[in-house]
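Participant: no sequence on this one, just coordinates:
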């Protein structure tokens with residue numbers, strides 16, 4: 001892999017790459033060090049988790065917002081506990097500024113290092129899934145899109161489960177992705193229980 005030469009973007013979204021991609025991660029970390037204005041969103045895939053936190057320490061330390069599910073967090077951290085506060089806090093110690101851990105139908109949890117006393121919970125948007133392929137990707141990419149558009153983390157966390165549930169009601173990873181106007185319509189119809197809360 002060779003890291004391409006391109007004008008600095010506002011965001012880079014890093015997700016699943018192959019087992020021979022470690023060198024590209026090193027190049028990306030070097031790029032981020034020399035372009036501190038670029039924000040990194042990191043949602044590790046299987047091989048990135050297998051590489052381990054030491055091999056990717058420069059990626060973790062340059063991450064603006066990090067995504068994984070509970071089981072992935074346990075594996076990354078070598079942690080048996082499913083306590084979300086413990087997992088969020090320990091993940092932040094690797095360097096990411098904002099950590100979001102999803103827990104399937106139990107919702108999503110978030111933590112920002114700039115507010116170290118606050119842990120957040122966002123429930124799922126009510127739905128009956130057909131199959132869940134792509135739901136996590138829809139969730140994470142919606143959060144990053146919202147942040148890139150200048151929305152707050154609170155707004156992003158309200159939007160993301162709506163896109164995720166729409167994808168989960170379709171077959172495949174892309175069917176069901178919504179336009180911002182469609183997300184807004186469903187948000188306006190959300191039940192009173194659909195709201196961000198501190199844990």
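Facilitator: The structure has been received and is ready for your questions. Computed from a predicted structure; not experimentally measured.
Participant: all contacts plus neighbour counts: C-alpha atoms, from now on.
Facilitator: Will do.
Participant: So for stretch 4-18, first residue to last residue, what's the gap.
Facilitator: Separation of the first and last residues of stretch 4-18 by CA to CA, to the nearest Å is 17 Å.
Participant: pLDDT of it, averaged?
Facilitator: In this model, stretch 4-18 has an average pLDDT of 91.
Participant: ditto for stretch 79-86
Facilitator: 96.
Participant: and it, how far from the chain's centre?
Facilitator: Distance of stretch 79-86 from its chain centroid, counting by CA atoms, centre = their mean, to the nearest Å, is 18 Å.
Participant: With stretch 97-117 instead?
Facilitator: The answer for stretch 97-117 is 9 Å, by CA atoms, centre = their mean.
Participant: do stretch 42-59 as well
Facilitator: 14 Å.
Participant: and if you look at stretch 166-180?
Facilitator: For stretch 166-180, the distance to the chain centre is 17 Å (CA atoms, centre = their mean).
Participant: can you pull out the strands in this protein?
Facilitator: 11-14, 39-42, 63-69, 98-102, 108-112, 119-122, 197-198 (DSSP state E).
Participant: Next, format those as CSV and append mean neighbour count and distance to residue 175.
Facilitator: Output for the strands of the chain, formatted as CSV (neighbours: other CA atoms under 10 Å; distance: least, CA to CA, whole Å):
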stretch, mean neighbour count, distance to residue 175
strand 11-14, 16, 20
strand 39-42, 23, 23
strand 63-69, 23, 21
strand 98-102, 23, 21
strand 108-112, 25, 22
strand 119-122, 20, 23
strand 197-198, 12, 30
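Participant: and of the ones you listed, who's closest to residue 167?
Facilitator: Residue 167 lies closest to strand 98-102 among those, at 15.6 Å (CA to CA).
Participant: Tell me how far the most centrally placed residue in the chain lies from residue 14.
Facilitator: Nearest to the mean C-alpha position of the chain, by CA atoms, centre = their mean, lies residue 67 at 2.9 Å. Between residue 67 and residue 14 the distance, using CA to CA, works out to 10 Å.
Participant: Using CSV, lay out the strands of the chain together with distance to residue 57.
Facilitator: Shown next, in CSV, are these (distance: least, CA to CA, whole Å):
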stretch, distance to residue 57
strand 11-14, 14
strand 39-42, 12
strand 63-69, 10
strand 98-102, 15
strand 108-112, 19
strand 119-122, 24
strand 197-198, 29
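Participant: Would you tell me which of the ones you listed gets closest to residue 140?
Facilitator: Of all the strands of the chain, strand 63-69 sits nearest to residue 140, with 6.6 Å by CA to CA.
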